[in-house]
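Asker: Sharing a model prediction with you, sequence too.
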There are 2 protein chains.
Amino acid sequence: MNNKTNDLDTVYQRIWEAIVAHKLLPGTRLKEEDLSETFGLSRGFVRKLLLQLSYHKLVNLVPNSGAFVAEPSPEEARDIFQARRLIEAELVRELASKCTVREKKLLQEHLEREHQAIEQGEQSLRIRLSGEFHLLIGKLANKPVLTSFLHEIIPRSSLIVALYQGTSTSTGTRKSKAHHSGLSCSEHNALLGAIAGHHVDKAVQLMIDHLNEIEAQLQLEPAAEEDVNLKRIFAEI
Amino acid sequence: MNNKTNDLDTVYQRIWEAIVAHKLLPGTRLKEEDLSETFGLSRGFVRKLLLQLSYHKLVNLVPNSGAFVAEPSPEEARDIFQARRLIEAELVRELASKCTVREKKLLQEHLEREHQAIEQGEQSLRIRLSGEFHLLIGKLANKPVLTSFLHEIIPRSSLIVALYQGTSTSTGTRKSKAHHSGLSCSEHNALLGAIAGHHVDKAVQLMIDHLNEIEAQLQLEPAAEEDVNLKRIFAEI
DNA sequence: TGTTGCGTTATTGTTGACAATATTGCCCTG
DNA sequence: CAGGGCAATATTGTCAACAATAACGCAACA
């Protein structure tokens, strides 16, 4: 109704960004009719959309109850990062051993955009680009299956990072966020150097270190139960 | 209409078995209405079903054209087995390092059923159980993400095995099939021994060898083009 | 006052009819 | 007789009304 770009993929991305940017908080209920009139889509489309989001584990689809944006647990977070280390180490090994000049250029261009996003303080864009850097590595490594797995867990990772990094005090956190952004970007930079230079083992190690670094920045305590959520926790069974 | 067990999961499995057992040949078109009246389901359900099957890459969903049972290429096959080696090596490493008696028993029971299926010549059941053995390892290893990945590629592997093992002469092939069945089962047996005995490195190596063995049995030539399929190959773009 | 049961409302799930699209067969023309 | 376009048909895609279900509030009772 309001926005012209209301095809399925676009709306999917808009919702995804809203989730990652914490405009839609974890646990929020997504009513079909609300989404339907917000984006000017029929309820049928909204249903497809929610189904896709649930496949990617960004929303939780509870039968006869509704769709809720996902609240990945610390255990899930750790599990996901472990899987990422395994898969991305392999992908980066593959790419580093056969990276062409053209591929190097593509990675460089991407990194440039990442850098711009940080400078211009576009947090949401930055998170997306940061994820897409990893996806680009997968794509260039030419391993469709492993790359498709990455497509499934990187959005979840983004949600996890958003969830577990900035929940404490305001000023201090903002500082650490900025720090983290720059760190991540410089690590991507180092990674690119190793890949382009065909330093296979080094590239693999840098990737693992990078992922460890991201995970280490998170505050993955067992999570103090919020009473509001209890209801849904039992409903989820 | 005919069968009582017409819930979504059951029908899904029946179709999957039909595909793996080569009752539905790769490239076959699956018309919504046909399926709908065959299983006594509404077209809406059939649609969901086909969507699920396409997520698992067992059917190819071409917009405005229909659903076709997938024809994984030799390249896809190799890619899938490479991914399996990576993931399952990790899962078996995890499980072997902390396998309890109870878990050992579960694996043993499963293997027993596999053995029975071979003895009774139930080829289709055997293929399913063989896949489920690997899934059980994943489940027991307690790595949800990696295990969910396995759930995505093992059905595809089954389809690939069905596709690329028995397309040549009849008697000779049948012999090799039987041979392969027994081999696979005995390899599962050895694997179980290493896992239960907490011989981590040996278990990992056995798993990799086992997967290599399966892949090696396949006839993954570049595949002589069948004229019938050409149409669809171009439509798939 | 707290709790249990019931009726109302709001939301999701399903179906069947209709629209859009592709496929097929036929006829007309060169 | 071959080829291209057009009409007929078959199949998929979409939507809107209806059914089923769960959430909510109110009232009655302990």
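Answerer: It's in.
Asker: Please identify the helix or strand for A:Ala67.
Answerer: strand A:66-69 (DSSP states H and E).
Asker: Each with direction, which strands does that strand pair with?
Answerer: Sheet pairing for strand A:66-69, assigned by DSSP bridges, gives strand A:29-30 (antiparallel), strand A:59-62 (antiparallel).
Asker: Buried residues in the last one, which are they?
Answerer: Residues A:59-61 are the ones in strand A:59-62 that count as buried (16 or more other C-beta atoms under 10 Å in any protein chain shown). (Glycine included, C-beta is placed from N, CA and C.)
Asker: How far away from the center of its chain is that strand?
Answerer: 18 Å (C-alpha atoms, centre = their mean, to the nearest Å).
Asker: mind checking how far A:Thr147 is from B:Glu114?
Answerer: Distance, A:Thr147 to B:Glu114, using C-beta to C-beta, to the nearest Å: 32 Å.
Asker: do A:Glu88 as well
Answerer: 34 Å.
Asker: Also A:Leu8?
Answerer: For A:Leu8, the distance to B:Glu114 - C-beta to C-beta - is 43 Å.
Asker: Pick out whichever of these two has more residues nearby.
Answerer: Taking neighbours as other C-beta atoms under 10 Å in any protein chain shown, A:Leu8 and B:Glu114 compare with B:Glu114 leading, 22 against 14.
Asker: Run through the residues that contact that one.
Answerer: B:126, B:129-130, B:133, B:185, B:188 (C-beta atoms under 8 Å, 6 or more residues apart in numbering or on different chains).
Asker: Redo these as TSV? Include pLDDT.
Answerer: Formatted as TSV, the contacts of B:Glu114 follow (pLDDT from 0 to 100):
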residue	pLDDT
B:Arg126	89
B:Leu129	93
B:Ser130	93
B:Phe133	97
B:Cys185	86
B:His188	96
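Asker: Export the residues you listed as JSON lines, with columns for secondary structure, distance to A:Glu76 and neighbour count.
Answerer: Below are these laid out as JSON lines (DSSP: H, G, I helix; E, B strand; the rest coil; distance: C-beta to C-beta, whole Å; neighbours: other C-beta atoms under 10 Å in any protein chain shown):
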{"residue": "B:Arg126", "secondary structure": "helix", "distance to A:Glu76": "34", "neighbour count": "22"}
{"residue": "B:Leu129", "secondary structure": "helix", "distance to A:Glu76": "30", "neighbour count": "21"}
{"residue": "B:Ser130", "secondary structure": "helix", "distance to A:Glu76": "29", "neighbour count": "21"}
{"residue": "B:Phe133", "secondary structure": "helix", "distance to A:Glu76": "26", "neighbour count": "20"}
{"residue": "B:Cys185", "secondary structure": "helix", "distance to A:Glu76": "35", "neighbour count": "18"}
{"residue": "B:His188", "secondary structure": "helix", "distance to A:Glu76": "30", "neighbour count": "22"}
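Asker: As a markdown table, these with distance to DNA strand D would be great.
Answerer: Putting these into a markdown table (distance: C-beta to the nearest atom of the strand, whole Å) gives the following:
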| residue | distance to DNA strand D |
| --- | --- |
| B:Arg126 | 32 |
| B:Leu129 | 32 |
| B:Ser130 | 32 |
| B:Phe133 | 35 |
| B:Cys185 | 39 |
| B:His188 | 39 |
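Asker: What is the nearest of the residues you listed to DNA strand C?
Answerer: Of all the contacts of B:Glu114, DNA strand C sits closest to B:Leu129, with 30.1 Å by C-beta to the nearest atom of the strand.
Asker: Return the per-residue confidence for A:Glu122.
Answerer: What the model reports for A:Glu122 is a pLDDT of 86.
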